[in-house]
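> just a sequence and a predicted model for now, questions to come.
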Amino acid sequence: MEKSAWFVWPFMLGFMFALVVLLLRYLWWLRSLWRRPSSRLLSRMFSKHSLLAVREIFSEGLLHLRIYKRNRRLGFMHMSLALGWFMMIVGGKFETWFHSGQFLHGTWYAVFFRYFEPQTAGGWAGTFWLHYMDLGLLLVLTGLALAIMKRIRKRILGIHSSTRHTLVNRVALTFLWMIFPLRLVAEALTFGQHGGGGFLTGSLGRCCFSSGMLAGLELPLWWAYSLSLGAFFVVLPFSRYLHIPTEMALIFLRHWGLRAAEDLQPEKALQAFEIHACSACGLCLDVCPAIKDHPFQSAYFLRALRSGKGWESLASTCLSCGACEEACPINLGLEKLRTAARGKIHEKHHAVYSYLPTVAPVETSRVDVLLFTGCMGRLKPATTKALKDLFEEAGLTWVHLDEQESICCGRPLSLAGRAGEASALREHNRNLIQGQQARMLVTTCPICLKQFRDDYGLELPVYHHSEMLWYCLRAGRLKREKGTACFSYHDPCELGRKSACYQAPRELLQSCGTLLPLEREQADALCCGNSLGALSLSLSERQALTSRTLKVLEVSGAQSIVTSCPLCQHNLARQSRLPVRDLAEVLAVTGLPEQHGQRTAALAAVQEL
Amino acid sequence: MNASEYLPKDEVAIIGGGPAGMQTALALSERGFSVRIYEQKEQLGGHLKGWHHLFPHGVAASDLLGQLKEQVLARAVPLHLGQSVDRLQKVGAGWVLWQGERPLGRAGVVVLANGFALFDARRKEEYGYGLYPSVLTAADLEAVFRKEQPWPFGSDRMAPQVGFVHCVGSRDLKCGSPHCSKLCCVTAVKQAMAVKSLFPEAQVYCFYMDLRMHGLEYEELYRKAQVDYGVRFIRGRLSEAAPGQGKRLHVKAEDTLQGRPLHLQLDMLVLMSGMVPAFLLEQQERAVFLKEPVFGSGFVPVQGLLAAGSVVQQEGLFASGACKGPATLPEVFADAAAVAREVEQYLKSLKAVAHA
């Protein structure tokens, strides 16, 4: 190599360093797989799953379609940075191959190709590659301009919050931002001095850098370009830019059937890849209903897990509403990760539950519905009462499993990461439930619902009462007439985002009144401000959350707020100006006009009991 | 327009015709000022109207109210009953009082004496108020004592089981009421003793967090309730009330002194609903609005806690009695005298300025 070409060394050293560190880290993360390779993984590796992974890498790693769907400007920014860079890497390979007739070269050759071969006039094909490479560069520079704009005025990119970065990430960002403008200037200068070039670099060179006085600057500029590249690669494995290769690896591993562990292992298997695949794009910040200056959002939580410091408090302040998981463009299993982290916090805490009395089984009878109201149901007796009235009306028979004694479904324990205790509780409940002869299990609490559905493995179907009432309405067992009442409906996170039940409650409300549209609802709904997973968020912060949610719900025209989760109702009702009622309460008092008299008589009779 | 236009007539307008309003009116009238009372209800008396007898000596509430009314009538204080002031407009140094779009009158000084509201016990749904007929508030129980409302259990029940729940909507951050309503403790003691007097065989339980017997002779009353009346005081909150056997309620609580859970079947559960702000004072530069309170809004803020009643940020606006925060009757009466003195000083200083 000529002495003048020594400038490639900073890049080469940085690149090799990054490669070695990455390889070592990935091998370390996958250590358990080397010891005991899973046959499932191996069989999937050589199947269509790998092709599907490549397709996902293309649509998400390069085009960033999920971000684009949520926010076009932000999506374009990510796309132009990733796709532009990718175009240049691929183009560089083909260009050098085309030019030299040889496929393999030193990595540096393609990266600094313009310095070594400034006049690559090789007919129409050579011209094509010149313009193609310039297009790639232009795309990256556009993305870069947007990224800089995002740092200065985020509103332009349509976002309200962007991630606050740590020092190492800011250093990496600075080097990254320097790379492409330096490449542009270096190439333009070379073309200005020697002629040639594409539509961008060539034109810039001819108009600004053709003066002979600038010849001495050529080499220093290529040095600067190489240095910034090299420096970026040195920091890459220790910064958030590790997400670039890790996201691709994660997509492959997922398609090959690898699943995240239940317990916290931030440096092992799929969990390690998930934690390091986060680019801190900031989508989770904007959707988080929590107070913006309380940085427990997923981008920060994952960062804390990466550094191994401070993740405990971030894991336990979050209310687990699931909005970030819904918004995450790379579908990270954030809820599971948080639960795993909570489990780690409580690892050393051994609670004894033996002092609790055993619950006597309820007498067995053949009924339609086995009703379970849970711990929150005990604080909301009006809902239970209304639901039983509706069962009567629909001609259904029922047994109330936890009428006398409270039995916990196990979800609070599992949300707190105490999988063992939760499982013991579930086992006990499973026996109680299987001792009954019912056609279905109905719960008034979406928190219980999720636990029964996902973790119990019950033979009988499990419904939330809104779903059950909706079936009754559809089957004509309940009849309602549209009244004049106007409702706004709060989607509980456990029923909406986590159980995808949005339509049943809406259709029930529309059957007896008018449902008002809200600024944020369904998957974008805000959090009521409470959660069984809220282990340490302060009361005042939770109340601030509640009042923000109420502002959305108190739309003009609304006479009452309706929800279908006892915890949401409990929490909203304390602070709301409007009455907050459960769906069942609303339905129970809005009977058919001719039935109204009977209903009041029936209600009075119940009160007499 | 200047202040002197207001001074000769209607010097002081008092908003609220309860004990605080009446006593403040009397104190000012005795000092020679002309006073008017604006009361939103058709009758004077405020919450005192609803009481049967008063702690600690059991004086009939109607006697005290009668005396107060008599004095107000004797002094010929003009009364504007059924008029609810919702806005005060500053004009010159004085005020114009509004109800909606209707001006009600003018005054040099306004004294807010519109008291407090009771915490809506339905907000603690777990206690079942409004859901189970045997759950009452302390105010409902006074109505029962006054024979305006029946007992929630049958007349055949000679030994009813009765529970009182202290601190319902008081000292409860989650309900937005961080303050202590301070007279519910002794009210429950008084009511428990009254129930025992009427039903000597009754079992009466009081569920408390801690008992605050701060007034003269309250502690003695508490002791009497235990020793002479056999009222059982249980330190622990109620967790829930659910339908029990027959018309009874099944109540779950924890006795935190003995460290064991309690299950009781009660015939009547009385909730000691706390005192909460009756209105939200929204102060603007030349106007004051009396609005519906919102979650967490406080009582009327006054200048420092050692002064009597001039309202923060407003010249010529004073507050008297329980609109500033929970207060017992003796405290309200003492406060009325102090506020009257402060109003007098203010009016004198205004006259001195007008003179100069």
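Everything's here; your move. Everything quoted here is computed from the prediction, not taken from an experiment.

> which stretches of the chain have low pLDDT?
Went with chain A since none was named. Counting by pLDDT under 70, chain A contains low-confidence ranges at A:1, A:119-122, A:291-293, A:354-363, A:533-534, A:590-609.

> looking at chain B here, not the other one
In chain B, residues with pLDDT under 70: B:1-10, B:306-307.

> quick check: residues of chain B near chain A?
Counting by C-beta under 8 Å from any C-beta of the partner chain, chain B comes close to chain A at B:123, B:125-126, B:128, B:131-133, B:173-176, B:239-243, B:247, B:292, B:294-296. Heads up, the C-betas are built off the backbone N, CA and C, glycines and all.

> which of the residues you listed fall within strands?
B:239-243 (DSSP state E).

> most neighbours of all those, which one?
residue B:241 (29 neighbours; other C-beta atoms under 10 Å in any protein chain shown).

> re the thing from before, now the buried members of the residues of chain B next to chain A.
B:123, B:125-126, B:128, B:131-132, B:175-176, B:239-243, B:247, B:296 (16 or more other C-beta atoms under 10 Å in any protein chain shown).

> give me the beta-bridge partners of the residue positioned nearest the centre of chain B?
Nearest to the geometric centre of chain B sits residue B:116, at 4.8 Å (C-alpha atoms, centre = their mean). Beta-bridge pairing of residue B:116 under DSSP bridges involves residue B:277.

> pretty sure it sits against residue B:278.
Yes - with contact defined as C-beta atoms under 8 Å, residue B:116 counts as touching residue B:278 (5.4 Å).

> overlap in contacts, these two.
Listed as contacting both residue B:116 and residue B:278 by C-beta atoms under 8 Å, 6 or more residues apart in numbering or on different chains are residue B:323.

> torsion angles phi and psi at the residue in the stretch 51-200 of chain A that chain B sits nearest to?
Here the residue of the stretch 51-200 of chain A nearest chain B is residue A:160; by C-beta to the nearest C-beta that distance is 25.5 Å. The phi/psi pair for residue A:160 (degrees, to the nearest 10) reads phi -100, psi -30.

> kindly report the same for the one 4 residues further on.
Residue A:164 has phi and psi values of phi -90, psi 120 when expressed as degrees, to the nearest 10.

> how about the nearest residue to it, chain neighbours excluded?
residue A:295 (7.3 Å; C-beta to C-beta, 6 or more residues apart in numbering or on different chains).

> for residue B:244, same thing?
Here the residue nearest residue B:244, using C-beta to C-beta, 6+ apart, is residue B:250, at 3.4 Å.

> rewinding a little: tell me, how many neighbours does the residue nearest to residue A:164 end up with?
20.

> also residue A:540?
11.

> so where does the nearest residue to the residue of the stretch 51-200 of chain A closest to chain B once chain neighbours are set aside fall, helix or strand?
Excluding the flanking residues, the one nearest residue A:160 by C-beta to C-beta, 6+ apart is residue A:286, at 5.4 Å. In the assignment (DSSP states H and E), residue A:286 maps to helix A:283-287.

> domain boundaries for chain B, per the record?
B:3-115+B:278-355, B:121-275 (automatic domain parsing).

> what of chain A?
A:3-239, A:259-286+A:297-345, A:366-473, A:479-608.

> show me the contacts for the residue in the stretch 51-200 of chain B that chain A sits nearest to.
In the stretch 51-200 of chain B, the residue that lies nearest chain A is residue B:126 (4.2 Å; C-beta to the nearest C-beta). By C-beta under 8 Å, 6+ apart, the contact set of residue B:126 is A:378-381, B:238-241.

> give me the number of residues near the one residue in the stretch 401-550 of chain A that gets nearest to chain B?
Nearest to chain B, among the residues of the stretch 401-550 of chain A, is residue A:539, at 5.7 Å (C-beta to the nearest C-beta). By other C-beta under 10 Å, 12 other residues sit near residue A:539.

> I'd say it and residue B:172 touch.
No - when contacts are counted by C-beta under 8 Å, residue A:539 is not listed as touching residue B:172 (10.9 Å).

> distance check, the residue nearest to residue A:160 against chain B.
26 Å (C-beta to the nearest C-beta, to the nearest Å).

> what number of residues lie near that residue?
Residue A:286, neighbours per other C-beta under 10 Å, totals 20.

> isn't it right next to residue A:161, touching?
Yes - between residue A:286 and residue A:161 there is a contact under C-beta under 8 Å: 5.7 Å.

> A helix includes residue B:345, no?
Yes - according to DSSP: H, G, I helix; E, B strand; the rest coil, residue B:345 belongs to a helix.

> with adjacent residues omitted, what lies nearest to residue A:283?
Nearest non-adjacent residue to residue A:283 (C-beta to C-beta, 6+ apart): residue A:327, at 4.7 Å.

> contacts only, for the one you found.
Applying C-beta under 8 Å, 6+ apart to residue A:327 gives the contacts A:70, A:283-284, A:286-287.

> ok, now how distant is the nearest residue to residue B:170 once chain neighbours are set aside from residue A:312?
Excluding the flanking residues, the one nearest residue B:170 by C-beta to C-beta, 6+ apart is residue B:274, at 3.1 Å. Separation of residue B:274 from residue A:312 (C-beta to C-beta, to the nearest Å): 37 Å.

> with residue A:113 instead?
Using C-beta to C-beta, residue A:113 is found at 50 Å from residue A:312.

> what of residue A:12?
Residue A:12 is 41 Å from residue A:312, by C-beta to C-beta.

> what of residue A:201?
With C-beta to C-beta as the criterion, residue A:201 and residue A:312 are 51 Å apart.

> still on that earlier bit, neighbours of the residue nearest to residue B:170, how many?
Neighbours of residue B:274 (other C-beta under 10 Å): 27.

> same question, residue A:6
12.

> how about the secondary structure of it?
helix.

> residues contacting it?
Residue A:6 neighbours (C-beta under 8 Å, 6+ apart): none.

> follow-up on the earlier one: format the domains of chain A as TSV; extra columns: distance to residue A:351.
Output for the domains of chain A, formatted as TSV (distance: least, C-beta to C-beta, whole Å):
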stretch	distance to residue A:351
domain A:3-239	30
domain A:259-286+A:297-345	13
domain A:366-473	7
domain A:479-608	14
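
> between those domains, which one is nearest to residue B:259?
Nearest to residue B:259, of all those, is domain A:366-473, at 19.0 Å by C-beta to C-beta.

> name the residue of the stretch 251-356 of chain B that lies nearest to chain A.
Closest point on the stretch 251-356 of chain B to chain A, by C-beta to the nearest C-beta, is residue B:295, at 4.0 Å.

> tell me who's in contact with the nearest residue to that residue once chain neighbours are set aside.
Nearest non-adjacent residue to residue B:295, counting by C-beta to C-beta, 6+ apart: residue A:575, 4.0 Å away. With contact taken as C-beta under 8 Å, 6+ apart, residue A:575 is in contact with A:543, A:546-547, A:550, B:176, B:295-296.

> now do the strands in chain A.
So, for chain A - with DSSP E - the strands run A:366-372, A:398-400, A:437-443, A:462-464, A:486-489, A:514-515, A:560-563, A:580-582.

> select, out of these, the one closest to residue B:154.
Of the strands of chain A, nearest to residue B:154 by C-beta to C-beta is strand A:398-400, at 27.1 Å.

> up against chain B, what does chain A have?
Residues of chain A lying near chain B by C-beta under 8 Å from any C-beta: A:378-382, A:385, A:539, A:543, A:547, A:570, A:573-577, A:607, A:609.

> pick out the residue of the stretch 301-450 of chain A closest to chain B.
For the stretch 301-450 of chain A, C-beta to the nearest C-beta, closest residue to chain B: residue A:379, 4.2 Å.

> and that residue, how far from residue A:547?
Counting by C-beta to C-beta, the gap from residue A:379 to residue A:547 is 21 Å.
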